[in-house]
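In: need a structure here:
(chains A, B and C)
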Amino acid sequence: MPDATETQQSSPLTGQPSETSPAGQPEREFTVPERSQTQMILRRFLQHKLAVASLFVLLGVVLVAFVGGALWKYSYVDITADESVPPSWEHPFGTDAVGHDSFAQVLRGTQLSLGVAVLVALFSTIVGTVWGSIAGYYRGWLDTVMMRIADLVLTLPLLAVAAVLGHNVGGSWWLIAVVIAGLYWAYVARVARGVVLSLREKEFIEASKALGASDMRIILRHLVPNSLGAVIVNATILVAIAILIETALSFLGFGVQPPDTSLGLLVSNAQTAVSTRPWLFYFPGLFIIIIALTINFIGDGLRDAFDPKQTKVRE
Amino acid sequence: MRTSETTAVPAATTTGEPVLSARNLVKHFPVRGGGLLRRKVGDIHAVCDVSFDIYENETLGLVGESGCGKSTTARLLMDLHPATSGDVYFDGTSISSLSRKQMQRTRRNMQIVFQDPYASLDPRMPVNEIVAEPLRIHGVYDADRVRQLLHTVGLRPEHGNRFPHEFSGGQRQRIGIARALALEPRLLVLDEPVSALDVSIQAGVLNLLEDLQAELGLSYLFVSHDLSVVRHVADRIAVMYLGKIVEFAPAERLFEAPAHPYTQALISAIPIPDPQKERSRQRIVITGDVPSPGNPPSGCRFRTRCPKFANELSESDRTLCVEQEPELIDRGQGHPAACHFAESAALL
Amino acid sequence: MLEVDDLHVEFPTDDGLVRAVRGVSFGLRRGEVLGIVGESGSGKSVTSMAVMGLLPDTARVSGAIRYDGKNLVGASDKEMSTVRGKRISMVFQDPMTSLNPVYPIGYQIAEAILAHENIRKDAAMKRAVELLEVVHIPNPEERAKAYPHELSGGMRQRIVIAIAMANRPDIIIADEPTTALDVTVQAQILEALANAQAETGAAMMLITHDLGVIAGQADRVQVMYAGKVVEAGTAEEVFYRPRMPYTLGLLGSLPRLDVRSERLTPISGSPPSAVNMPPGCPFSPRCPMAAPECDVEEPPLEQGMTATHFAACYFSADVEGHTPDEIFRSTEAADAASGSSAREGSR
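Out: This is a model prediction of the structure:
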């Protein structure tokens, strides 16, 4: 094809002189300056005040749990001479009947709970997304078989399975994470399949096929970026869910085993002491709520940030 | 009237072999029941035995109402759906016989522009990347080419880093056209390219398509439900009803002397933006809705809504309509129409 | 009968104040069909929603809508409900949204009657069947028991029309009643609307983007652009002797079924965004006739050669009698090169 400018000048059909001066005419007043996609996502996220605040709070919790836990003068296994003292400068969260420093235990519990949560989110998101995308993209019998398997997993009562497995294989925290993830990937798979099913019917996917794009290219260049938002949002929700489930399991006695501890176990142990030593109950409870809430808000912020049609950031 | 305004018939403007031919295209979509096995319970007869040729530098209009199979036909040509039977020939070679690699080469020669400029562009890709995608797929990426393409369709290359949602409908459709042009195709399938646009913007896109055709010698298959637009752009027009072509004629001929009752009804149903003309027009009104393509009527598919069948035909004539499917042949009107009792009428 | 006077509708949004309707005045006479035509974002639908009192609570409405001695702007929901559905009824673009999917259609029509009239239920059902017959539904007795999803789009729209005429309203507002339908069905629906109008003697506001529909149905035409009426007159006046460049441009961009047009004349540029609208005529950036004064003050809607014909343009006299080609041709080429096309207004 000849150069476009030349073509237009010599166009036999239109041949107007004014057609040769395109530069002088602004095509449209764009109201926003041009930005890259990461910049835009970042801007939209920063616009979400609650999410940004939550992010800072969560980072603070992570920092305190991991760095603070290492620096604190007591370890979670240390037994101090002070038994059942209320919060003081020596023991900010008080101590329990044995003499464990409650602050050290909450920090350790937070480490474990976060570890479980992140592992669950990562594992189930990766497995679930791949599983669901393949089922949704290829459809047909493959879809039927894969989704029936996922449905089967979903019918398993999570607490019962986790309790049985947790009881038999022992209470290592990462095993608990694997058990929870092993059941939760199916939820992610359903979400991912739904997203891919609706995306693959979009005309831009058809357009790519018409251009001769391979399945690989369509999945990597179009389906994955477009489902990223939904997947990430889902992952943050999973983090929150995993923390709560780990808490529930430990509370029931099927999770982490002493002397190790988790937030759920701490709450569980303290339940009888709510009226006499409330600090043992409220501090770990507070951490559970803070973590679950902040992660949910961050999820909200991410969902808005990943929606390219969000125009709230316009100046 | 006919002689005074006769424009060139395709045979005169085009020479040699067709760029693309469709032969007896059939597409059935299975209808599946619920349940674990999702047993097939029937077929949607979307396209039934459709054949046509598109020659170099000509525009073939494919017209019909929703569900008539025109968009499915367009997708069959692009090999986006596999045809149930029938063949598409590009430059005389059947595309179903091509290897993957050969098909890839053929794809460079035929491209498609979709109806909905909001859905046909990946919302997460900047415009430059959207236009560059065909070049990358075929390993001929060149940044200058992208700028040039944007310029060709009347967009400013400086805006190439912006995302589709920042553009208006008309501009997005231009982006879609730029993408389709990237590989220098010989044929563009235009699937309702202006239906989603406002009138004043639609005109600009139609003019652009006209200019491109003149400059690049493209052939178009222009699929649309809007007869006014098709009259404006097409050299020849095929009218579809329930998966079949019911009438096929040079554009001017179709409007001067439509022979099939459905074409006549379609023409008289489209309002003309001229109060006096519009109010004094002769109308052929048809009743009811299009029957389900899952269970089309026997014989002539239009008979359930046909005013001729209902009001003019004798009992024995009707039996013919019910029992025998009318072929798409010339019955003395100068062009083929799929009606046993085809009769030209002047409606405009 | 209905009088709209200096109607303004504004929506506060994150982007700023969206001025959807900016001073619209018109009257509707008994039994007439008023066609309102405009592109998306021109404010035509918002105007009709304001008349029906169906705008969201965030909308700021000012001006007056006088009907039957009452001002409907600011009327309470209770007051509105005595008017809405009974004296003024509406036909929407998508019939599925105005029908309740879980009730049979006959029941829904009867409901509409019972909401405003104190009659027995079986009498209402009988009326419902009669109404179905008026809108040409075959086997109305049987069809009354059908659910909306069992009917085709055209049939559903007939049901909506039947509901709209159920209480013999004074005014029927039809907002893009045929846009979602096929042309052959559109013809049937337009006929059903015309019948409904004749049957009830109601006046009709027919809102559409399709100039052809307007040409066939409307007695008077109102062209809207950027939240204002820019031209008003009888159908003949507006179609044959437009006095506003925008109207002329619209007619020129339209491919015609009845004549073979060599080349269309699109309007260059884009409609202004409804946020931060500049002063002056909203069409001037796209107008080939624009002069400096156009950007200073918005031209008022002024009477033209006849008592019924109004246009909001300083150069109306120069527009009248010209073809779109003569006025717009010069700008089209520049447009094609610079790639202007409109942004479909922010709604």
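
In: can you tell me which helix or strand whatever residue of the stretch 101-250 of chain C ends up closest to chain B belongs to?
Out: Using Cβ to the nearest Cβ, residue C:212 is the residue of the stretch 101-250 of chain C that sits closest to chain B, at 2.9 Å. Using the backbone N, CA and C atoms, a C-beta is placed for each residue, glycine as well. According to DSSP states H and E, residue C:212 maps onto helix C:211-217.

In: Check residue A:283 too.
Out: helix A:278-305.

In: by contact count, what packs against that helix?
Out: If contacts are counted by 3 or more Cβ pairs under 8 Å, 6 or more residues apart in numbering or on different chains; DSSP states H and E, helix A:278-305 sits against helix A:37-47, helix A:49-63, helix A:102-138, helix A:224-252, helix A:263-270.

In: which element follows the longest one toward the C-terminus?
Out: What that stands for is helix A:102-138. Following helix A:102-138 in sequence, per DSSP H and E, is helix A:140-155.

In: To chain C, which of the helices and strands packed on helix A:278-305 lies closest?
Out: Taking Cβ to the nearest Cβ, helix A:37-47 is the member of the helices and strands packed on helix A:278-305 nearest to chain C, at 9.9 Å.

In: how about residue B:50, what does it touch?
Out: Applying Cβ atoms under 8 Å, 6 or more residues apart in numbering or on different chains to residue B:50 gives the contacts B:22, B:24, B:25, B:26, B:69, B:73, B:86, B:240, B:243, B:244, B:245.

In: same thing but at 10 Å, please
Out: B:22-27, B:62, B:69-70, B:72-73, B:76-77, B:83, B:86, B:238, B:240, B:243-245, B:328 (Cβ atoms under 10 Å, 6 or more residues apart in numbering or on different chains).

In: What count of nearby residues applies to the residue lying closest to it once chain neighbours are set aside?
Out: When the adjacent residues along the chain are set aside, residue B:50 lies closest to residue B:25, with 4.6 Å between them (Cβ to Cβ, 6 or more residues apart in numbering or on different chains). Number of residues near residue B:25 (other Cβ atoms under 10 Å in any protein chain shown) recorded here: 23.

In: What are the buried residues along the strand or helix carrying residue B:25?
Out: Per DSSP H and E, residue B:25 falls inside strand B:20-32. Across strand B:20-32, burial judged by 16 or more other Cβ atoms under 10 Å in any protein chain shown covers B:20, B:21, B:22, B:25, B:26, B:27, B:28, B:29.

In: what about the strands in the stretch 201-348 of chain B?
Out: Secondary structure of the stretch 201-348 of chain B, counting by DSSP state E, counting those that start in this stretch: strands at B:219-224, B:236-241, B:244-250, B:329-330, B:336-337.

In: er, the stretch 151-300 of chain C actually
Out: C:171-175, C:203-208, C:220-225, C:228-234.

In: Would you confirm that residue C:283 contacts residue C:228?
Out: Yes - taking contacts as Cβ atoms under 10 Å, residue C:283 lies within contact range of residue C:228: 9.5 Å.

In: Touching both of these two, which residues are there?
Out: When contacts are counted by Cβ under 10 Å, 6+ apart, residue C:283 and residue C:228 are jointly contacted by C:298, C:299, C:312.

In: pLDDT score for the second one?
Out: Same thing as residue C:299. Per-residue pLDDT puts residue C:299 at 89.

In: That one and residue C:309, how far apart?
Out: Counting by Cβ to Cβ, to the nearest Å, the gap from residue C:299 to residue C:309 is 15 Å.

In: Excluding sequence neighbours, find me the nearest residue to the residue in the stretch 1-150 of chain C positioned nearest to chain B.
Out: Residue nearest to chain B within the stretch 1-150 of chain C: residue C:39 (4.1 Å; Cβ to the nearest Cβ). The shortest distance from residue C:39 to any non-neighbouring residue, by Cβ to Cβ, 6+ apart, is to residue B:198 (4.1 Å).

In: What distance do you get for the one you found to residue B:271?
Out: Residue B:198 is 17 Å from residue B:271, by Cβ to Cβ.

In: still on that earlier bit, pick the most deeply packed of the helices and strands packed on helix A:278-305.
Out: When you average the neighbours per residue for each of those (mean count of other Cβ atoms under 10 Å in any protein chain shown), helix A:263-270 leads with a mean of 25.

In: Kindly format the C-alpha coordinates of that one as PDB.
Out: What follows is helix A:263-270, C-alpha atoms only, in PDB (Å, rounded to 0.1, in the frame of the first residue of the first chain):
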ATOM      1  CA  LEU A 263      -5.100 -16.700  66.000                       C
ATOM      2  CA  GLY A 264      -8.000 -19.200  65.900                       C
ATOM      3  CA  LEU A 265      -6.300 -21.400  68.500                       C
ATOM      4  CA  LEU A 266      -5.700 -18.400  70.800                       C
ATOM      5  CA  VAL A 267      -9.400 -17.400  70.600                       C
ATOM      6  CA  SER A 268     -10.400 -20.900  71.200                       C
ATOM      7  CA  ASN A 269      -8.200 -21.300  74.300                       C
ATOM      8  CA  ALA A 270      -9.400 -18.100  75.700                       C
END
